[in-house]
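> Here's my sequence, what's the structure:
(2 chains, ligands or ions: 2)
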Amino acid sequence: MSDVFSNWQGAAKLVDPRKPARWGSFYVALARGRESFKWWMPMIAYGIGHPVLYLMSIGIGLGSLVSKNLGLVDGVPYLTFLAPALLMASALQAAVDETSFVVLQGFSWEKSFHAMNQTAIGGRQIANGLMLYAMFRVIINSIVYGVILVLFGALSWESIPGLSLLALLLGTCWGYVFMAYASYIHEEGDMLVLAMRFIVAPMFMFSGTFYELKNMPELVQNIAWASPLWHGTELARSLSYGSSDPYTFWHYAVLLGYGLIGAAFAYPQFMKRLSR
Amino acid sequence: MTKSSEPELVIRAKGLRKTYGDFVAVAGIDFEVKRGEAFGLLGPNGAGKSTTMRMITSTLQRTEGELTILGKDPDKFGPEIRAHLGVVPQQDNLDRQLTVWENILVYGRYFGLSRKFLKNKIEELLAFAQLEEKRNVKSEELSGGMKRRLTIARGLVNEPEILLLDEPTTGLDPQARHVLWDRLFRLKELGVTLVLTTHYMDEAEQLCDRLIVMDKGQIMAEGSPAQLIKDYSSKEVLEVRFGSAGNSNAAKKLQKVGDRIEVLPDRILIYSSNGEKVLEQLTKMGLKPVTSLVRRSSLEDVFLRLTGRTLVD
Ligand SMILES: Nc1ncnc2c1ncn2[C@@H]1O[C@H](COP(=O)(O)OP(=O)(O)OP(=O)(O)O)[C@@H](O)[C@H]1O
Ligand SMILES: [Mg+2]
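Ligands and ions are numbered 1, 2, ... in the order given. Predicted structure coming up:
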């Protein structure tokens, strides 16, 4: 049998640094995939079970109540009103999942980013790879969620690609914000839990997911402007059933703004933490 | 790469310095490592060994000074340099979720190595680390020594030109240590440059062609193990014990005996060219040690002299 020594060629011959320079981000994303597919069973159960149960209880139960009392919401049946918002909310959640504790794990708990950084991979590629995998998760998540919504009659087939792209935009932009935030955390992660509890969780309440925002007090409407989820939801609603909305440009602008600011903090901080 | 009779310098540090805020971890050190050499960094805890290693690894950014690895500046060419290095950090950073086999695969991919190549390579490395039976075990389920062996094997996946080992044998059983020494020798025969830190002086003596002793971020001495022993210690050492109460008393009387003495918590070391003679002298002085032992000077004595510290420190 061959052993390490008899086949030794040496890195100078064996390794072409241009390859990892070009594909490094992709390798990182693949490794992330390999890690998370260890959890494929719960992932699939959750990915399908959650929307199905949710739609059955809230959508249909609450929906029939709303329809009975109010008739149409935003000019459409309640379920149609709700569907794009749910899809956006789940995209946001998926993006947060892939850019939060993973970052702490990489820098502090398991030091896996440091292990990657010992190889031909650099900090920028590690951040890219994380984001690539988060984007993949968001897309898959949106397609699955979209199909379920179609099966519940809440969405048309044609709107799935467009909604998935919107979900991707929302997930990526907010993902960068979370990734940046998480990359500044050094301790065990209490600050991360805090952000989830006081920023992400309330976002689901203040983004017009379950009701039309224009019927809400002005304060709530103002808060919604800060919420990426609201902007995503508004865009998704006009795409899915053509709800009229004068702020399209601003929705995109705010989302992209979040993404750019997040990225502007995330990349340098990744480099900094790895080089100390 | 230069083609000359002089062996190529693969590492060159000049005034290399690392500070954390006001704290100086590495205080401007100079050293060079030639291709194919086995170079050791010794020093007590906190001396700055790992800090130096991580700067060579081209991950930790230096504060000041010049550093060239394989002819390149790590500040500018980190990934290119690291593509040709093998890194075994002081603390294992394996992917706990992944199996032994997957850990090497994923790591190998980071160098752009193909799956086909890696499939065969992993078998070689599993044999190298004696982990064939554990291939499908999650790395978090390995014993401490097995994790260490996996980390070392993983560091060889790209067939590095320079292998950097930060306390490679910490946590290994004696048998595994000797196996590793043997394999490091064989790598050296293949022309791999070794840079290692260790707290085991026998290991340093066995493995290193040349070493530096560091303390408080500075280089205290540099040379081959034999040269260092010659320069900083006597030929022989007499070790005597007078019991915990008697040591300090006896030490007072021993000030003029031998070349030099070193009083440790549990024993006194007397350095001289002839240990037996010194022992006779003690008997004549009426000193009766509980135990006595004459041995040749070792790197451990050099370490003690230079850093004023025992290894337990
Ligand atoms: N990230 C850091 N921030 C601040 N100080 C640091 C940091 N890393 C290391 N140090 C300090 O630098 C000094 C040198 O540390 P280093 O890890 O290089 O020591 P060492 O020689 O490897 O010791 P050991 O034998 O214990 O591994 C220590 O005093 C340590 O506290
Ligand atoms: Mg160390």
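> contacts, neighbours, all on C-alpha from now
Will do.
> If you average pLDDT per helix and strand, which one of chain A comes out bottom?
None of the helices or strands of chain A scores lower by mean pLDDT, DSSP states H and E than helix A:63-70, at a mean of 68.
> Give me the next element, helix or strand, following it.
On the C-terminal side of helix A:63-70, the nearest following helix or strand under DSSP states H and E is helix A:78-99.
> same for the helix or strand that that following helix is followed by, what does it pack against?
Per DSSP H and E, the first helix or strand lying C-terminal to helix A:78-99 is helix A:101-104. Here helix A:101-104 touches helix A:159-183, going by 3 or more CA pairs under 8 Å, 6 or more residues apart in numbering or on different chains; DSSP states H and E.
> what comes up buried for the helix it packs on?
A:159-160, A:163-183 (16 or more other CA atoms under 10 Å in any protein chain shown).
> Also stretch A:193-204?
Residues A:195-196, A:200, A:203-204 are the ones in stretch A:193-204 that count as buried (16+ other CA under 10 Å).
> what residues does that stretch touch?
A:89, A:227, A:229 (CA atoms under 8 Å, 6 or more residues apart in numbering or on different chains).
> That one: how far from the chain's middle?
14 Å (CA atoms, centre = their mean, to the nearest Å).
> For it, measure first residue to last.
Start to finish, the residues bounding stretch A:193-204 are 16 Å apart (CA to CA, to the nearest Å).
> wait, what's in contact with residue 162?
All of this is about chain A. Residues near A:G162 by CA under 8 Å, 6+ apart: A:L239.
> look at chain B instead
Contacts of B:I162 by CA under 8 Å, 6+ apart are B:84-86, B:192-195.
> picking up where we left off before, filter the buried residues of stretch A:193-204 down to just the ones in strands.
Using DSSP state E, no member of the buried residues of stretch A:193-204 falls in strands.
> so which of these comes closest to chain B?
A:M196 (24.5 Å; CA to the nearest CA).
> Which residue is the nearest non-sequential neighbour of B:L42?
B:V213 (4.7 Å; CA to CA, 6 or more residues apart in numbering or on different chains).
> where does that neighbour land in three-state SS?
Under DSSP: H, G, I helix; E, B strand; the rest coil, B:V213 falls in the strand class.
> In the sheet, which residues pair with it? Tell me.
B:L42, B:A221 (DSSP bridges).
> What about the contacts of stretch A:193-204, which one has the most neighbours?
A:L229 (30 neighbours; other CA atoms under 10 Å in any protein chain shown).
> which helix is the longest one in chain A?
What stands out as the longest helix in chain A, according to DSSP state H, is helix A:123-151.
> between it and helix A:159-183, how many degrees?
With axes from the mean of the first three to the mean of the last three CA atoms, to 10 degrees as the basis, helix A:123-151 and helix A:159-183 are set at 140 degrees to each other.
> And the average pLDDT for helix A:123-151 is what?
Across helix A:123-151, the average pLDDT comes to 94.
> what angle sits between it and helix A:78-99?
160 degrees.
> hey, where'd the helices end up in the stretch 151-276 of chain A?
A:159-183, A:190-195, A:201-205, A:218-226, A:228-241, A:248-274 (DSSP state H, counting those that start in this stretch).
> Can you show me the CA trace of the fourth one as PDB?
Presented in PDB, the C-alpha positions along helix A:218-226 are these (Å, rounded to 0.1, in the frame of the first residue of the first chain):
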ATOM      1  CA  GLU A 218     -48.700  56.200  13.400                       C
ATOM      2  CA  LEU A 219     -46.100  55.000  15.800                       C
ATOM      3  CA  VAL A 220     -46.300  51.500  14.500                       C
ATOM      4  CA  GLN A 221     -46.200  52.700  11.000                       C
ATOM      5  CA  ASN A 222     -43.000  54.600  11.700                       C
ATOM      6  CA  ILE A 223     -41.400  51.600  13.400                       C
ATOM      7  CA  ALA A 224     -42.200  49.500  10.300                       C
ATOM      8  CA  TRP A 225     -40.000  51.800   8.200                       C
ATOM      9  CA  ALA A 226     -37.000  50.500  10.100                       C
END
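> got the angle for that helix vs helix A:228-241?
Using the same axes, to 10 degrees: helix A:218-226 against helix A:228-241 is 90 degrees.
> chain center to helix A:218-226: distance?
Centroid displacement of helix A:218-226 relative to its chain, using CA atoms, centre = their mean, is 22 Å.
> ok, and for it, which residues are buried?
Within helix A:218-226, the residues that count as buried by 16+ other CA under 10 Å are A:220-221, A:224-226.
> packing partners for that helix?
Packed against helix A:218-226, as judged by 3+ CA pairs under 8 Å, 6+ apart, are no other helices or strands.
> Quick one: closest of the helices of the stretch 151-276 of chain A to B:G43.
helix A:248-274 (25.1 Å; CA to CA).
> now check that closest one, is it near chain B?
Yes. Helix A:248-274 comes into contact with chain B (CA under 8 Å from any CA of the partner chain), by way of A:L274.
> Now A:T172. Nearest residue, chain neighbours left out?
In space, A:T172 is closest to A:M135, 6.4 Å off (CA to CA, 6+ apart).
> Report the contact partners of the one you found.
A:95, A:168, A:171-172.
> Tabulate the residues you listed in CSV, adding columns for distance to A:K214 and pLDDT.
Shown next, in CSV, are the contacts of A:M135 (distance: CA to CA, whole Å; pLDDT from 0 to 100):
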residue, distance to A:K214, pLDDT
A:A95, 28, 94
A:L168, 26, 97
A:G171, 25, 96
A:T172, 27, 97
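> quick one: which of the residues you listed is nearest to chain B?
Nearest to chain B among these, with distances taken as CA to the nearest CA, is A:A95, at 20.9 Å.
> Would you quantify the distance from the closest one to ligand 1?
30 Å (CA to the nearest ligand atom, to the nearest Å).
> My understanding was that that residue contacts A:W174; is that so?
Yes. Judged on CA atoms under 8 Å, A:A95 makes contact with A:W174 at a distance of 7.4 Å.
> Beta-bridge partners for the residue nearest the centre of chain B, please?
Most central in chain B under CA atoms, centre = their mean is B:T197, positioned 2.1 Å from the mean C-alpha point. For B:T197, the beta-bridge partners under DSSP bridges are B:L41, B:D166.
> burial measure for the residue nearest to B:L42, as a count.
Taking other CA under 10 Å as the criterion, the count of residues near B:V213 is 22.
> Distance of it relative to B:G223?
Applying CA to CA to B:V213 and B:G223 gives a distance of 9 Å.
> Find the residues that touch each one of these two.
By CA under 8 Å, 6+ apart, no residue touches both B:V213 and B:G223.
> Excluding covalently adjacent residues, which one is nearest to B:R305?
Closest residue in space to B:R305, ignoring its immediate chain neighbours: B:Y232 at 7.3 Å, by CA to CA, 6+ apart.
> what's around A:S6, how many residues?
Counted by other CA under 10 Å, the residues lying close to A:S6 total 10.
> no no, A:L260
Applying other CA under 10 Å, we find 16 residues neighbouring A:L260.
> residues contacting the closest residue to it other than its chain neighbours?
Spatial nearest neighbour of A:L260, excluding adjacent residues (CA to CA, 6+ apart): A:C173 at 7.4 Å. Contact partners of A:C173, counting by CA under 8 Å, 6+ apart, are A:255-260, A:262.
> In the chain, where is pLDDT below threshold?
Chain wasn't specified; assuming chain A. A:1, A:59-60, A:62-63, A:66-70 (pLDDT under 70).
> you looked at the wrong chain, it should be chain B
In chain B (pLDDT under 70), the answer is B:1-6, B:309-313.
> let's see it at 90
B:1-8, B:171, B:201-202, B:206, B:226, B:228-237, B:240-292, B:295-313 (pLDDT under 90).
> all strands for it, in order.
B:9-20, B:23-34, B:38-42, B:64-69, B:85-88, B:162-166, B:193-197, B:210-215, B:218-223, B:236-241, B:260-263, B:268-272, B:291-296.
> Highest mean neighbour count out of the ones you listed?
strand B:85-88 (a mean of 28; mean count of other CA atoms under 10 Å in any protein chain shown).
> I am finished for the moment; much appreciated.
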